[in-house]
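[1] 3D, please:
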Amino acid sequence: MQKLKAALLSYGLSGKVFHAPFLELHPRFELTGSWERSKKLIQQDYPNVKSYASLEELLQDDVDLVVVNTPVETHYEYAKKVLEAGKHALVEKAFTTNATEAKALRDLAKAKGLKLCVYQNRRWDSDFKTVKEVVDENLLGDIVEAEFRFDRYNPSLSPKTHKETQNAGAGVLKDLGPHIIDQAVHLFGYPDSVFADIRITRNNSLVDDLIDILLYYPDKRVKIRAGFFFREAVPSYAVHGTKGSFLKSRGDIQEDVLRTGQKPTLEGWGIEPEEKAGILHTEKNGEVFRGHIPTRPGNYYGLFDALYHSITEGKPEPVTADEALQVMKIIDAALLSSKEKKVIQLK
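    Okay, the predicted model is just below:
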C-alpha cells in the first residue's frame with residue numbers, strides 16, 4: 001500500500017502530543033518533520049526527521065499531507081498556501097476564524113482535487129463515542145434535549161499570548177467551543193437556529209471565556225456550554241429522550257496520558273477508569289433500567305487511519321470541510337446572537 005509523507009507546521013503541544021505520535025504509530029504515514037521557528041525540538045523526539053526553517057522550505061519538500069496546527073488566526077493563510085502547493089491538509093480546530101474563510105478553503109480544495117480535513121479529534125474520545133452509541137442504538141427513544149459541556153476550573157490567564165490577546169482566533173468559543181459544537185452537529189445534524197450568551201468572566205481577560213449556546217432543532221434543543229469557573233464537575237453529556245436519560249462525565253484519558261510522553265497503541269489504549277462509566281436510566285423491553293454501562297475505548301488513531309484511506313482511496317474525509325463549515329456558521333451566528341441578543345436563523 002502507498003505510504004504518505006506528513007509534515008507539521010509547529011511542534012508545540014499539539015504537534016508533540018496530538019499529531020506526531022499517531023503519525024508515527026500509523027504504518028502508512030511517514031513523519032518528515034516540522035516547521036520550527038525558534039525552538040528546535042522535534043529531532044530530540046524523532047532524530048530522523050527534518051526541522052524546516054520556513055514554510056516555503058516545507059512546501060517545496062516531498063510531502064503529501066501538511067498538518068496546520070498553528071494558532072487559529074493563521075489557519076486560513078497557511079492552509080491556503082498548503083493547498084495552493086498541491087498538498088493535502090489537516091487543519092486544527094477551530095477550522096478558521098469565520099465561515100467565509102472556511103468556505104474559501106473548502107472551495108479551493110475541491111477545485112484542486114485535494115483532501116481537506118479538520119482535526120476534530122474529540123469525536124474519537126471515549127466519552128463521546130459512548131454517548132453516540134447510546135443515541136444510535138435508540139436506547140433513549142426520540143431525543144428531546146441534550147447538553148454538552150466542556151467545563152474547567154482555571155481562573156488564570158493562559159501563558160500563550162495568542163490565546164489571551166484580542167485576535168480573530170482567540171477566546172473559548174473558538175478554543176473549546178468547536179469541540180462540542182462539532183459533536184452536537186455530528187450527532188444531531190445542522191440546527192435551524194442559534195441563541196447565545198458569550199461573556200468575559202476572568203479578571204483582566206480580554207477574550208471570551210464563558211459560552212452558553214442553544215441550538216434549536218424542530219424536535220429538540222441542544223445546549224453548548226464551556227467556561228473556566230466550574231470547580232465542581234457536573235455531567236459533560238446529558239441526553240434526554242422520550243424513553244430515558246444518559247449522563248456521562250468527561251472521562252477520556254488520552255490527552256493526559258499523551259502529555260506524560262507515553263506513546264499510543266492500537267490495543268488497550270484510551271480505556272477509561274470504570275468509575276467514570278455513564279448512567280443510563282431508561283426502559284428496556286418494557287422494564288425500567290437504571291445502571292452504569294461500559295465506556296467505549298477512545299483512540300485518535302481512528303481519525304488518522306480514516307484520513308489515510310480518504311487520501312489513497314478517494315473516500316470522504318473523516319471530518320469534512322463541509323462539516324467544519326457548518327461549525328463555523330454556528331460560531332458566527334453565536335457571536336451575532338450574543339451581540340444582538342436575539343435568535344439567529346441558520347436555514
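[2] pLDDT (mean, whole number) over the strand or helix carrying residue 23?
    Element membership for residue 23 (DSSP states H and E) is helix 20-25. Averaging pLDDT along helix 20-25 gives 98.
[3] how about the helices of the stretch 51-200 of the chain, start to end?
    Along the stretch 51-200 of the chain, counting by DSSP state H, counting those that start in this stretch, helices occupy 55-60, 75-84, 99-112, 126-136, 161-164, 172-175, 177-188.
[4] taking helix 75-84 as reference, get the angle to the third one.
    This points to helix 99-112. Between helix 99-112 and helix 75-84, the angle comes out at 10 degrees (axes from the mean of the first three to the mean of the last three Cα atoms, to 10 degrees).
[5] ok now helix 99-112, how far from the chain's centre?
    19 Å (Cα atoms, centre = their mean, to the nearest Å).
[6] buried ones in it?
    Neighbour-count burial for helix 99-112 flags 99, 101, 102, 103, 105, 106, 108, 109 (criterion: 16 or more other Cβ atoms under 10 Å). For glycine as for every other residue, the C-beta is placed from the backbone atoms N, C-alpha and C.
[7] make CSV from the residues you listed and add pLDDT and distance to residue 54 to it.
    Output for the buried residues of helix 99-112, formatted as CSV (pLDDT from 0 to 100; distance: Cβ to Cβ, whole Å):
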residue, pLDDT, distance to residue 54
99, 98, 30
101, 98, 23
102, 98, 26
103, 98, 28
105, 98, 21
106, 98, 27
108, 98, 22
109, 98, 23
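[8] and residue 307, which of the helices of the stretch 51-200 of the chain is closest to it?
    helix 99-112 (13.4 Å; Cβ to Cβ).
[9] same for that closest one, what does it pack against?
    helix 75-84, strand 116-119, helix 321-340 (3 or more Cβ pairs under 8 Å, 6 or more residues apart in numbering; DSSP states H and E).
[10] and among these, the most buried is which?
    strand 116-119 (a mean of 27; mean count of other Cβ atoms under 10 Å).
[11] list of residues touching it?
    18-19, 67, 69, 79, 83, 88-93, 95, 105-106, 109, 303, 307, 310, 317-321, 323-324 (Cβ atoms under 8 Å, 6 or more residues apart in numbering).
[12] over to stretch 326-344?
    With Cβ under 8 Å, 6+ apart as the test, stretch 326-344 has contacts from 93-96, 98-99, 101-102, 173-174, 177-178, 181-182, 185, 190-191, 193-198, 211, 213, 215-216, 346.
[13] what's next to the helix or strand following the helix holding residue 23, contact-wise?
    Following the chain from helix 20-25 toward its C-terminal end, the next helix or strand by DSSP H and E is strand 29-35. The contact list for strand 29-35 (Cβ under 8 Å, 6+ apart) reads 3-11, 15, 20, 23-24, 42, 46, 49-55, 57-58, 61-63, 65, 304, 308.
[14] please report how far the closest residue to residue 278 other than its chain neighbours lies from residue 272.
    Excluding the flanking residues, the one nearest residue 278 by Cβ to Cβ, 6 or more residues apart in numbering is residue 248, at 3.5 Å. Look at residue 248 and residue 272: by Cβ to Cβ, to the nearest Å, they are 10 Å apart.
[15] also residue 10?
    29 Å.
[16] CSV for the helices and strands packed on helix 99-112, including mean pLDDT and distance to residue 278?
    CSV is the format used below for those (pLDDT from 0 to 100; distance: least, Cβ to Cβ, whole Å):
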stretch, mean pLDDT, distance to residue 278
helix 75-84, 98, 33
strand 116-119, 98, 25
helix 321-340, 98, 25
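[17] output those in TSV, with distance to residue 38 appended to each entry.
    Below are those laid out as TSV (distance: least, Cβ to Cβ, whole Å):
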stretch	distance to residue 38
helix 75-84	17
strand 116-119	24
helix 321-340	30
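[18] which outside residues touch the helix or strand of the chain with the lowest mean pLDDT?
    Lowest mean confidence among the helices and strands of the chain (mean pLDDT, DSSP states H and E): helix 161-164, at a mean of 87. With contact meaning Cβ under 8 Å, 6+ apart, helix 161-164 is reached by 71, 73, 157, 158, 169, 170, 175, 205, 206, 207.
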